[in-house]
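Visitor: coordinates for the following, if possible.
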Amino acid sequence: MTIREHDPVVLTRPLPAPRLDAGTVGTVVHVYGDDGDPTGYEVAFGDGTGDDDLSWALRTGDIRLPTRAELEAAARALARGGDTAR
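Guide: Numbers count the residues shown, from 1 in each chain. Okay, here's the model as predicted:
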């Protein structure tokens, strides 16, 4: 399945400073490369408050589409005022 702008995605590996764990849910804000052959993605991550939003340029292997359970867990975390990390 193709990942597009505004899609939720999940990190497949941890990222350094500020630390983001594998399994963290973010949102694609830009797709790099051709429509049919993306070379990377700009993905935004946040804590639900808007204060700590950040974005990373990531390769295609760094993210994947989330499962329904991952989306539900991220929504519950945001509702509690937490971040979207596992």
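Visitor: tell me, how many residues neighbour the closest residue to residue 11 other than its chain neighbours?
Guide: When the adjacent residues along the chain are set aside, residue 11 lies closest to residue 24, with 4.8 Å between them (CB to CB, 6 or more residues apart in numbering). For glycine as for every other residue, the C-beta is placed from the backbone atoms N, C-alpha and C. In terms of burial, residue 24 registers 21 neighbours under the definition other CB atoms under 10 Å.
Visitor: one more: residue 37?
Guide: 7.
Visitor: list the contacts of it.
Guide: By CB atoms under 8 Å, 6 or more residues apart in numbering, the contact list for residue 37 is empty.
Visitor: where does the protein dip in pLDDT?
Guide: 17, 35, 47-52, 82-86 (pLDDT under 70).
Visitor: just to revisit the earlier point, how close does the residue nearest to residue 11 sit to residue 36?
Guide: From residue 24 over to residue 36 the distance is 27 Å, taken as CB to CB, to the nearest Å.
Visitor: residues near the closest residue to residue 46 other than its chain neighbours, how many?
Guide: Setting aside the residues directly before and after it, residue 46 is nearest to residue 53 in space (CB to CB, 6+ apart), at 4.1 Å. Residue 53 has 13 neighbours, counted by other CB under 10 Å.
Visitor: test my guess that residue 53 contacts residue 29.
Guide: No. Using CB atoms under 8 Å, residue 53 makes no contact with residue 29, being 10.2 Å away.
Visitor: find residues that contact each of these two.
Guide: Counting by CB under 8 Å, 6+ apart, the common neighbours of residue 53 and residue 29 are residue 44.
Visitor: distance check, the spatially closest residue to residue 39 that is not a sequence neighbour against residue 66.
Guide: Spatial nearest neighbour of residue 39, excluding adjacent residues (CB to CB, 6+ apart): residue 33 at 3.5 Å. Per CB to CB, residue 33 is found 22 Å from residue 66.
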